[in-house]
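Undergrad: 3D, please:
(one chain, ligands or ions: 1)
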Amino acid sequence: PQSLKERLAELIPKEKENVKAIRTEYGAKALGQVTVDQLYGGMRGLPALIWDGSVLDANEGIRFRGKTIPECQDLLPKADGGAEPLPEALFWLLVTGEVPTAEQTKAISAEWAARAELPKFVEELIDRCPPTLHPMSQFSVAVTALNHDSAFAKAYQNGIPKAEYWGPIYEDCMDLIAKLPAIAGRIYRNVYGDGKLPAIDATKDYAWNLSHLLGFSDKEAFVELMRLYIVIHSDHEGGNVSAHTGKLVGSALSDPFLSYAAALDGLAGPLHGLANQEVLLWVMKMRSKVGENPSDQDIKDYIWSTLKSGQVVPGYGHAVLRKTDPRYMAQRAFALKHLPEDPLFKLVGQIYNIAPGILLEAGKAKNPWPNVDAHSGILLTYYGLDQMQFYTVLFGVSRAFGVAAQLIWDRALGAPLERPKSYSSEAIKKMFVGK
Ligand code: CMX
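TA: Modelled structure (predicted):
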């Protein structure tokens, strides 16, 4: 069958024409007005980026190349006997906009397995990290170090012409994604186990091998969870901190390893990916305070005490979304199928019934509904992966899919260095005083 790289080579000239036509026809059109408040307000709603893999609607949530999460679950190839979409197929979709065949999906599994091994010095680098170093910092260190073997960095030194950038960028992106399970598995086993890792199985899919390296491949439902987890965490359009950071650093022609390490550093913040760790901490603290079977009133009181002490309710709210995150709903559906009686799942469900009303009453959050991070931790905990400091690493493995897909297209289409304009407060005052 046709490989992903061959398909890309066909699509790139067409997309270049498409972008050229858009720019000729609409290049001078305005997307809106920029207000001073937007500069001070974290650029909310500011139209500023091109991102092709996914688009986020405030009410409906994410679509990957036009497809909702349930549509992806329906349309993308699955593992033999599995019900969840394979991340390999999602990557193909993100890159090409097309649903791959089962054969093409298998070819990606095999290719990633073949590229999975880490350079010895990167293994040693991870092994030398103290177990007290946060897993996300270890992750970022390891991904940065992969730049040692970057095909793009080498090609650039050898004077590769701009039109050919995408080739070695593609190779680096495939290497990056392929090597993440080995990094994640090594960090996990070093910090929480005896540091010994099994070999990957080249006949199995990506999520199976990730689960295997973490020590959970004997639980088929966990492997299914990982397939779903990677798919729903892969991409969330371009403006979120990790995606935008990856794109921004890539625009300096830093290779995909450097670009993605920077993205990981952003994902490691508590308002972004680290929220999945924070949610579980918060839920556990709640449980130790209110016990196994709390009343609704107990939960209400606990949420109010969180807000009154000036903290956020982790897993709730979103910069763009204004309804319950469909990524939350996909995980809830998974829990209803696989662990309906789990006490922690029930607690998270109970919080879901209560927290939005309180956040509305408190009146600050623009979105009182849960996001993706409100649910993921309890699913992992159910299967025994209860080391919450590790959770954001799994988010990081997943988010590479979306960032890599866009890095390939940015270099294929010759996206320039990003350089928006900044202003000082003094300059703003001067601009508008007396006007
Ligand atoms: N609990 C308490 N207060 C909240 C809140 C929450 N869950 N969500 C928003 N608010 C507050 C904000 O802190 C802000 O307060 P101040 O005016 O005092 O600063 C106010 O409501 C308005 O914020 P907003 O416009 O609704 O939200 P932002 O776009 O500024 O921020 C987000 C979005 C996600 C950072 C915020 O909702 C939050 O902190 N949520 C909790 C952390 C979380 O779950 N993050 C994960 C997001 C998904 C991801 O990236 O992984």
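
Undergrad: all contacts plus neighbour counts: C-alpha atoms, from now on.
TA: Will do.

Undergrad: What about Ala199, how many residues nearby?
TA: Ala199 has 11 neighbours, counted by other Cα atoms under 10 Å.

Undergrad: now swap in Leu344 and tell me
TA: 21.

Undergrad: Nearest residue to it in space, ignoring adjacent ones along the chain?
TA: Of all residues not flanking Leu344 in the chain, Ile378 sits nearest, at 6.3 Å (Cα to Cα, 6 or more residues apart in numbering).

Undergrad: Tell me which helix or strand that neighbour sits in.
TA: In this structure, Ile378 sits in helix 373-382 according to DSSP states H and E.

Undergrad: who does that helix touch, helix- and strand-wise?
TA: For helix 373-382, the packing partners by 3 or more Cα pairs under 8 Å, 6 or more residues apart in numbering; DSSP states H and E come out as helix 275-290, helix 326-338, helix 343-362.

Undergrad: Give me the angle between the last one and helix 373-382.
TA: Computed with axes from the mean of the first three to the mean of the last three Cα atoms, to 10 degrees, the direction of helix 343-362 lies at 170 degrees from that of helix 373-382.

Undergrad: In the protein, what helix or strand scores lowest on average pLDDT?
TA: Every helix and strand of the chain was ranked by mean pLDDT, DSSP states H and E. The lowest is helix 275-290, at a mean of 94.

Undergrad: quick one: contacts of it?
TA: 269-270, 298-299, 302, 314-315, 348, 373-378, 388-392 (Cα atoms under 8 Å, 6 or more residues apart in numbering).

Undergrad: same thing with stretch 75-87?
TA: If you take Cα under 8 Å, 6+ apart as the criterion, stretch 75-87 is touched by 72-74, 89-90, 99-102, 105, 205-207, 224-225, 227-228, 230-231.

Undergrad: Narrow those residues to those that are buried.
TA: Buried members of those, counted by 16 or more other Cα atoms under 10 Å: 72-73, 89-90, 99-100, 105, 205-207, 224-225, 227-228, 230-231.

Undergrad: Tell me the gap between the helix or strand where Arg227 lies and the middle of its chain.
TA: If you go by DSSP H and E, Arg227 is part of helix 220-233. Taking Cα atoms, centre = their mean, to the nearest Å, one finds the center of helix 220-233 at 13 Å from the center of the full chain.

Undergrad: Output the helix or strand that that helix is followed by as CSV, nothing but the C-alphas.
TA: Where DSSP H and E defines the elements, the next helix or strand beyond helix 220-233 is helix 241-251. Output in CSV follows, covering the C-alpha atoms of helix 241-251 (Å, rounded to 0.1, in the frame of the first residue of the first chain):
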residue,chain,number,x,y,z
VAL,A,241,0.2,26.5,25.1
SER,A,242,1.8,23.2,24.0
ALA,A,243,0.6,23.3,20.4
HIS,A,244,1.5,26.9,19.9
THR,A,245,4.9,26.5,21.6
GLY,A,246,5.7,23.6,19.3
LYS,A,247,4.8,25.6,16.3
LEU,A,248,6.5,28.8,17.4
VAL,A,249,9.8,27.1,18.2
GLY,A,250,9.6,25.1,14.9
SER,A,251,9.2,28.4,13.1
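
Undergrad: What's the mean pLDDT across helix 241-251?
TA: The average pLDDT within helix 241-251 is 98.

Undergrad: And the ligand, is stretch 360-377 touching that?
TA: Yes. Under the criterion of Cα under 6 Å from any ligand atom, the ligand is reached by stretch 360-377 at 364-367, 371, 373.

Undergrad: Straight-line length of that stretch, end to end?
TA: Start-to-end span of stretch 360-377 (Cα to Cα, to the nearest Å) is 24 Å.

Undergrad: ok, back up a step: measure how the helix holding Ile378 sits relative to helix 275-290, angle-wise.
TA: Interaxial angle of helix 373-382 relative to helix 275-290 (the same axes, to 10 degrees): 70 degrees.

Undergrad: Can you give me the buried ones in helix 373-382?
TA: Buried residues in helix 373-382 (16+ other Cα under 10 Å): 373-380, 382.

Undergrad: what does stretch 243-261 give?
TA: Residues 243-251, 253-261 are the ones in stretch 243-261 that count as buried (16+ other Cα under 10 Å).

Undergrad: rewinding a little: so for Phe401, which of the helices and strands packed on helix 373-382 sits nearest?
TA: Among the helices and strands packed on helix 373-382, helix 326-338 comes nearest to Phe401, with 16.1 Å by Cα to Cα.

Undergrad: Is stretch 307-326 in proximity to the ligand?
TA: Yes. Against the ligand, stretch 307-326 shows contacts by Cα under 6 Å from any ligand atom at 307, 312-319.

Undergrad: Just the buried ones among these, please.
TA: Buried among the residues of stretch 307-326 next to the ligand (16+ other Cα under 10 Å): 313-318.

Undergrad: Now intersect those with the strands, please.
TA: Per DSSP state E, strands hold no members of these.

Undergrad: Output those residues in JSON lines; the columns should cover pLDDT and distance to Gln331.
TA: Shown next, in JSON lines, are these (pLDDT from 0 to 100; distance: Cα to Cα, whole Å):
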{"residue": "Val313", "pLDDT": "96", "distance to Gln331": "19"}
{"residue": "Pro314", "pLDDT": "95", "distance to Gln331": "17"}
{"residue": "Gly315", "pLDDT": "96", "distance to Gln331": "13"}
{"residue": "Tyr316", "pLDDT": "97", "distance to Gln331": "15"}
{"residue": "Gly317", "pLDDT": "97", "distance to Gln331": "17"}
{"residue": "His318", "pLDDT": "96", "distance to Gln331": "17"}
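
Undergrad: Among the residues you listed, which one lies nearest to Gly66?
TA: Out of those, the member with the shortest distance to Gly66 (by Cα to Cα) is His318, at 21.1 Å.

Undergrad: thought that closest one was touching Asn371?
TA: Yes. Counting by Cα atoms under 8 Å, His318 does reach Asn371; the two are 6.8 Å apart.

Undergrad: Would you mind naming what in the stretch 201-350 of the chain lies close to the ligand?
TA: So the stretch 201-350 of the chain meets the ligand at 271-273, 275, 307, 312-319 (Cα under 6 Å from any ligand atom).

Undergrad: Low-confidence stretches in this structure?
TA: Applying pLDDT under 70 to the chain picks out no residues at all.
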